[in-house]
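Chemist: For reference, the sequence and a predicted model appear below.
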Amino acid sequence: MAKQKGKGPTPKAQDRHWHGKRQKARAAKNSKRTGTPTLGPGGRAQGPAETRPSGRPAGARRATGEVPELVTGRNPVVEALRAGVPGTALYVMSDTDERVRESIQLAADRRIPLLETGKNELDRLTDGAVHQGIALQVKPYRYAHPDDLLKGTAPLIVAVDGITDPRNLGAIVRSASAFGATGVVVPERRAAGVTAGAWKSSAGTLANVPVAQATNLSRQLKAYQKAGCFVAGLDAGGGMTVADLELATGPFVLVVGSEGKGLGRLVAETCDMLVTIPMPGKAESLNAGVAAGIALYEISRLRA
């Protein structure tokens, strides 16, 4: 083995911290300590190859988002912890920053494992993203089945069409919680899902309002109609105001579209009726989260 003057023998490549075997060993160790897989390059899960009852390895990616999400950066992490985002591990390089110390305390209060790590490990876990020495691993969200939202004799379901911003989804869930909705259903593709951003804007209400994913939203709305629900879509050109919709007192589905495009054509055609929110002011449209909140308030008054 070659020697460098005054520095002793040169370590083998496999003994260096950046070598793949060393990184895999650390990932396996972290996974064992946290009980969840960690993210490798490109978002791939790494860790012990546990097998679930379904036969799928633990941490395997599914459309329902079973790979943990990482929130990085001092401000995003502390804000996520303040909002009650369900974390499974907090990776920290040092506690010299006040926001990092608060994050450590919040994680300790919620019994989230604290893992001390180095820059190279965080770079690998975050796939090179700017992390500022801290990252929060978020518990994967378990989506409900759309049929699970048909609770009680008069369920109130919010269906979301074309919403791509998780913060808007979180705001809609917050309004759904405030006004007694039984759940929210979102399209499985080309739509916002339950991420850390959605958790933050929901102010923790995602813990008690189930969100379901539908492979095809129009088909799911038809299934709700067959189950006895009246389906109304929010649209600027609706023929009736939400406040006058007496049918909202029974099993009811409110469909909310995006601020820009509104409801998709097929979704709009599937609705039993299109309803509107009167706006005597100069604004042409409302943010999807705001519109959902106003509509759900009017519906809750009708159902009271």
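Modeler: Great, that's in hand.
Chemist: which stretches of the stretch 51-200 of the chain form strands?
Modeler: With strands called from DSSP state E, counting those that start in this stretch, the stretch 51-200 of the chain shows them at 69-72, 87-92, 114-116, 134-138, 156-160, 183-187.
Chemist: Go through those and name the closest to Asp244.
Modeler: Taking CB to CB, strand 156-160 is the member of the strands of the stretch 51-200 of the chain nearest to Asp244, at 17.2 Å. No exception for glycine: its C-beta is placed from N, CA and C like everyone else's.
Chemist: Point out the other helices and strands that that closest one packs with.
Modeler: helix 166-178, strand 183-187, helix 217-226, strand 252-256, helix 288-303 (3 or more CB pairs under 8 Å, 6 or more residues apart in numbering; DSSP states H and E).
Chemist: ok, Arg174 - contacts?
Modeler: By CB atoms under 8 Å, 6 or more residues apart in numbering, the contact list for Arg174 reads 201-203, 205, 289, 293.
Chemist: can you put the residues you listed in CSV and add pLDDT?
Modeler: Compiled in CSV, the contacts of Arg174 are given as follows (pLDDT from 0 to 100):
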residue, pLDDT
Ser201, 88
Ser202, 89
Ala203, 84
Thr205, 90
Gly289, 91
Gly293, 95
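Chemist: Mind listing what's buried along stretch 185-197?
Modeler: 185-187, 191-197 (16 or more other CB atoms under 10 Å).
Chemist: if we can go back for a sec, most neighbours among the contacts of Arg174, please name it.
Modeler: Ser202 (29 neighbours; other CB atoms under 10 Å).
Chemist: so how far is stretch 151-160 off the chain centroid?
Modeler: 21 Å (CA atoms, centre = their mean, to the nearest Å).
Chemist: Oh, that last question was meant for stretch 219-238, not what I typed.
Modeler: Taking CA atoms, centre = their mean, one finds the center of stretch 219-238 at 24 Å from the center of the full chain.
Chemist: so what's the spatially most central residue of the chain up against?
Modeler: Ranked by distance to the mean C-alpha position of the chain (CA atoms, centre = their mean), the top residue is Val194 at 1.7 Å. Shown in contact with Val194 (CB under 8 Å, 6+ apart): 65, 141, 143, 166, 169, 206, 211.
Chemist: what residues are up against the fourth one?
Modeler: When contacts are counted by CB under 8 Å, 6+ apart, Pro166 is found next to 192-195, 197-198, 201.
Chemist: residue boundaries of the helices in the stretch 1-150 of the chain?
Modeler: Secondary structure of the stretch 1-150 of the chain (DSSP state H, counting those that start in this stretch): helices at 20-34, 74-82, 98-109, 119-125.
Chemist: Lowest mean pLDDT across these, which one is that?
Modeler: Lowest mean pLDDT within the helices of the stretch 1-150 of the chain: helix 20-34, at a mean of 51.
Chemist: Isn't Ile157 up against Val186?
Modeler: No. Using CB atoms under 8 Å, Ile157 is not in contact with Val186; the gap is 11.4 Å.
Chemist: contacts for stretch 226-237?
Modeler: Contact partners of stretch 226-237, identified using CB under 8 Å, 6+ apart, comprise 150, 155, 157, 159, 221, 224-225, 242, 245, 247-248, 250-257, 262-263, 267-268, 270-277, 284-285, 291-292, 295.
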